[in-house]
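Sequence first, then the predicted structure:
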There are 2 protein chains.
Amino acid sequence: MKNNLKNIGLIGLGKMGQLIGTILLDKNYKISVWNRTSTKTDKLSDKGATVETGIENIIKGNELIIITLSNYKNIYEIFKEIDNFNKAHIVNLTSGSPTAANELSKWITDKNGNYLDGAMLAIPETLGTDEANLIFSGNSQSFKENKSELSLLGNTHYLGTSPDYAEMYDTALLSASYGALAGFFNATLIAEIINVKPTDFIKLLVPWLTSIVQFMPHLANEIEHKSYNNGDSNIDINQVAVEHLIHSNLLHNIPTNLHKPLNNYLQKQVEMGNEKKSFSIIYESLKKERKALIDSQSSTNYLKEDLY
Amino acid sequence: MKNNLKNIGLIGLGKMGQLIGTILLDKNYKISVWNRTSTKTDKLSDKGATVETGIENIIKGNELIIITLSNYKNIYEIFKEIDNFNKAHIVNLTSGSPTAANELSKWITDKNGNYLDGAMLAIPETLGTDEANLIFSGNSQSFKENKSELSLLGNTHYLGTSPDYAEMYDTALLSASYGALAGFFNATLIAEIINVKPTDFIKLLVPWLTSIVQFMPHLANEIEHKSYNNGDSNIDINQVAVEHLIHSNLLHNIPTNLHKPLNNYLQKQVEMGNEKKSFSIIYESLKKERKALIDSQSSTNYLKEDLY
């Protein structure tokens, strides 16, 4: 069946790759798939996808190529024989570090390809729905020309030409969620000490954390407008609460390092006379610390180790 | 109007105290109120509360006395002339450190009072509804005899006779929420660096964190059953993600201390060969670190400083 829709290549057929293939086939796109493990191509093949055994055929035969692999090393490995990407738009949805995204962008652009980096904020159940969000950065033409196809996967957001920005956005979300998860482990340990089972504790923790998350837009608004004078939750009560928390944790030999940075910021805000400012002014402490780090260039040496 | 309901005294008429008074008056309880700032008693007085000017009248005239003050120092100050609490049940909903709860319990019990410590997991809007939860610990008789009154404020949970447990429960919740909030600040700073405004970023952060919070009961269940073999999110992918996060933060001079403890636990789990275990096994790392702290008694010296 012929149509005017563009040919799309898919590299990597994990859970997300399979779902992307299904969504595109449902919209009558002609897709070609490639996967290292050939059995994984069966399902999409049954639905009408062309299975390619050589990666060069994927590059040659498609204007848009979507990659969902488990890491960047696999991408270099799969593409190692490719000398010319023939202006194909390579949209990479593989999670990686921002630096790795920049390097891969250069590597593909140098070989005549167009690189767009992407991050999927979606779970399998939401992909292809309005609940899924996809963040992109890199080649702006790649985004413009393929926006209608990429929008089939969820809401699309383009952050700019710097290829690392999509991964940094992902990193920002992870920064918040790993803070919450680290807190969850500490919290569960405190509950255990007072004989409250994890599955009982979580029943009150979930609504509590939900209310905190719902309070965050208020804090975000204060931060954006540097409006710290009319907070619902001020520095003073938070400083006392975190001090109690650390004190109690010390008493029960629960590691306190998770909460020490916040405790330091709160103490400094009190020293500055900001007891009655909104809790959100902590953001200014964090920015101040970042500025001090930039001024001292203290992180430069550590970066010489290649972490990814 | 006479009735068989017990007389209840209220000390402290901040937002929560006012609401508690209103809820009890609506249920036809006869209440007496005391507040340092006498103007704050007006509203409840209009609704039928008796205003006491001497704190000893509150103690003498009521079987149940509920305290909502801003800190424990004020409680000692207000009660300084009281030598005998006449077996009154003192239910203290003031937030404080677990240690302070133990000390106040002893102080009141020594003066012939019954002490029950409580923590309100409620915002003003939910107090008196099924969404509010109140945690209690301390004198079990105080809880039993006043459960029906306290239940008017929300769901009640009694943790045992140790007066500090209610405050520790509160501390556990705060441990989780301050982890999330510290993560929120870091996340917002990363977003700013890639030119995403706080009020835009929060639109995707809220659903993301909500999904993480909804995943926590699953982790709690794994922790409770030490069932780490069939996780939906394993050590390996989380270890790589946190490493990317820290690498990216170092590169952009964003403080990394918030995420270092989790990063260390993840690395150790990988070293132990647990790449394919569930992320929830991090809880065992935290417990192991606690055990090491107990063994070394390393926190003892720090505790000599009185933090509260």
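Okay, I see it. Residues are numbered from 1 along each chain as shown, chains lettered A, B, ... in the order given.

C-alpha from now on. contacts and neighbour counts both.
Will do.

And the helix or strand where A:L209 lies, what's buried?
Assigned by DSSP states H and E, A:L209 belongs to helix A:198-224. Buried positions in helix A:198-224, judged by neighbour count with 16 or more other CA atoms under 10 Å in any protein chain shown: A:198-199, A:201-202, A:205-210, A:213, A:216-217, A:219-223.

For it, give the mean pLDDT please.
Mean pLDDT, helix A:198-224: 96.

List phi and psi for A:I8.
Backbone torsions for A:I8, taken as degrees, to the nearest 10, come to phi -120, psi 130.

ok so, going back, now do the helix holding A:L209 and helix B:198-224, the angle between them.
170 degrees (axes from the mean of the first three to the mean of the last three CA atoms, to 10 degrees).

now the helix or strand following helix A:198-224: mean pLDDT?
Per DSSP H and E, the first helix or strand lying C-terminal to helix A:198-224 is helix A:235-251. Here helix A:235-251 scores 94 as its mean pLDDT.

Contact partners for A:V33?
Listed by CA atoms under 8 Å, 6 or more residues apart in numbering or on different chains, the contact set of A:V33 reads A:9-13, A:41, A:49-52, A:58.

near chain B, from these?
Subset of the contacts of A:V33 in contact with chain B: empty, counting by CA under 8 Å from any CA of the partner chain.

Which ones among those map onto strands?
Of the contacts of A:V33, the ones assigned to strands by DSSP state E are A:9-11, A:50-51.

between these, which is closest to chain B?
A:I11 (19.8 Å; CA to the nearest CA).

Identify the residues contacting the nearest residue to A:K30 once chain neighbours are set aside.
In this structure, A:K30 finds its nearest non-sequential neighbour in A:N7, 5.2 Å apart by CA to CA, 6 or more residues apart in numbering or on different chains. Contact analysis of A:N7 by CA under 8 Å, 6+ apart lists A:29-32, A:61-64.

Kindly report the same for A:Q214.
By CA under 8 Å, 6+ apart, the contact set of A:Q214 is B:V206.

Which residues does stretch A:11-22 contact?
Contact with stretch A:11-22 is made by A:10, A:31, A:33-36, A:40-41, A:44, A:47, A:65-69, A:124, A:127-128, A:153, as judged by CA under 8 Å, 6+ apart.

which ones among those are found in helices?
A:L44 (DSSP state H).

Keep only those of the contacts of stretch A:11-22 that are in strands.
Judged by DSSP E, strands contain the following of the contacts of stretch A:11-22: A:10, A:31, A:33-34, A:65-67.

and of those residues, the nearest to chain B?
A:I67 (17.8 Å).

surely the closest one meets A:F79?
No. At 11.3 Å, A:I67 does not count as touching A:F79 under the criterion of CA atoms under 8 Å.

And A:N114, how close does it get to B:Q214?
According to CA to CA, to the nearest Å, A:N114 and B:Q214 sit 38 Å apart.

Check A:L44 too.
Distance of A:L44 to B:Q214, given as CA to CA: 31 Å.

So A:G17 belongs to a helix, correct?
Yes. Counting by DSSP: H, G, I helix; E, B strand; the rest coil, A:G17 is found in a helix.

longest single helix anywhere in chain A?
helix A:165-193.

From the contact counts, what lies against that one?
helix A:98-110, strand A:114-121, strand A:133-138, helix A:198-224, helix B:165-193, helix B:198-224, helix B:235-251, helix B:282-296 (3 or more CA pairs under 8 Å, 6 or more residues apart in numbering or on different chains; DSSP states H and E).

A:I58 - nearest residue in space that isn't next to it in sequence?
The shortest distance from A:I58 to any non-neighbouring residue, by CA to CA, 6+ apart, is to A:G9 (5.7 Å).

Surely that neighbour and A:N57 touch.
No. Between A:G9 and A:N57 there is no contact under CA under 8 Å: 9.3 Å.

of these two, who's got more company?
Per other CA atoms under 10 Å in any protein chain shown, whichever of A:G9 and A:N57 has more neighbours is A:G9, with 29 against 15.

Please name the residues that touch that one.
A:G9 is in contact with A:31-34, A:58-59, A:61-66, counting by CA under 8 Å, 6+ apart.

Go again with 7 Å.
The contact partners of A:G9, by CA atoms under 7 Å, 6 or more residues apart in numbering or on different chains, come to A:31-33, A:58, A:62, A:64-66.

what's the answer for A:T50, then?
A:31-33.

Report the beta-bridge partners for it.
Beta bridges link A:T50 to A:S32, judged by DSSP bridges.

Against A:L219, how distant is it?
50 Å.

Looking at the ones in strands among the contacts of stretch A:11-22, which one is closest to A:Y178?
Using CA to CA, A:I67 comes nearest to A:Y178 of the ones in strands among the contacts of stretch A:11-22, at 25.9 Å.

is it true that that closest one touches A:N92?
Yes. The pair A:I67 / A:N92 is scored as a contact, 4.8 Å apart, by CA atoms under 7 Å.

Of these two, which one has the most company?
Higher neighbour count among A:I67 and A:N92: A:N92, with 24 against 21, using other CA under 10 Å.

thinking again about what came up before, show me which pair in the ones in strands among the contacts of A:V33 is furthest apart.
Using CA to CA, these reach their maximum pairwise distance at A:I11 and A:T50, which is 12.2 Å.

Run through the residues that contact the residue nearest the centre of chain A.
Centroid check for chain A by CA atoms, centre = their mean gives A:D170 as the closest residue, at 1.8 Å. Going by CA under 7 Å, 6+ apart, A:D170 touches A:A119.

repeat that for 6 Å
Contacts for A:D170 (CA atoms under 6 Å, 6 or more residues apart in numbering or on different chains) come out as none.

same check, this time on the one 5 residues further on
Contacts for A:S175 were tallied using CA under 6 Å, 6+ apart; they are B:183, B:187.

7 Å - rerun?
Residues counted as contacts of A:S175 (CA under 7 Å, 6+ apart) are B:183, B:186-187, B:245.

try A:G160
Contacts of A:G160 (CA under 7 Å, 6+ apart): A:137-138.

Give me the neighbour count for the residue of the stretch 1-150 of chain A found nearest chain B.
Nearest residue of the stretch 1-150 of chain A to chain B, counting by CA to the nearest CA: A:S97, 4.9 Å away. If you count neighbours by other CA under 10 Å, A:S97 ends up with 27.

and it, backbone torsions?
Torsion angles at A:S97 (phi, psi; degrees, to the nearest 10) stand at phi -80, psi 150.

Check A:N71 too.
Dihedral angles for A:N71 - degrees, to the nearest 10 - are phi -160, psi 170.

cool, A:E63 as well?
Torsion angles, degrees, to the nearest 10, at A:E63: phi -80, psi -30.

Which pLDDT does the model give it?
pLDDT, A:E63: 94.

List the contacts of it.
Counting by CA under 7 Å, 6+ apart, A:E63 has contacts A:6-8, A:88-89.

Check the gap between it and A:V91 for me.
11 Å.

Please apply the same query to A:K197.
For A:K197, the distance to A:V91 (CA to CA) stands at 45 Å.

cool, A:N234 as well?
From A:N234 to A:V91 the distance is 45 Å (CA to CA).

the more surrounded of these two?
When A:N234 and A:V91 are compared for neighbours, A:V91 comes out ahead with 25 against 19, by other CA under 10 Å.

The more buried one: which element?
Under the criterion of DSSP H and E, A:V91 resides in strand A:89-92.

elements contacting that strand?
In terms of contacts (3 or more CA pairs under 7 Å, 6 or more residues apart in numbering or on different chains; DSSP states H and E), strand A:89-92 is packed against strand A:64-67, strand A:114-121.
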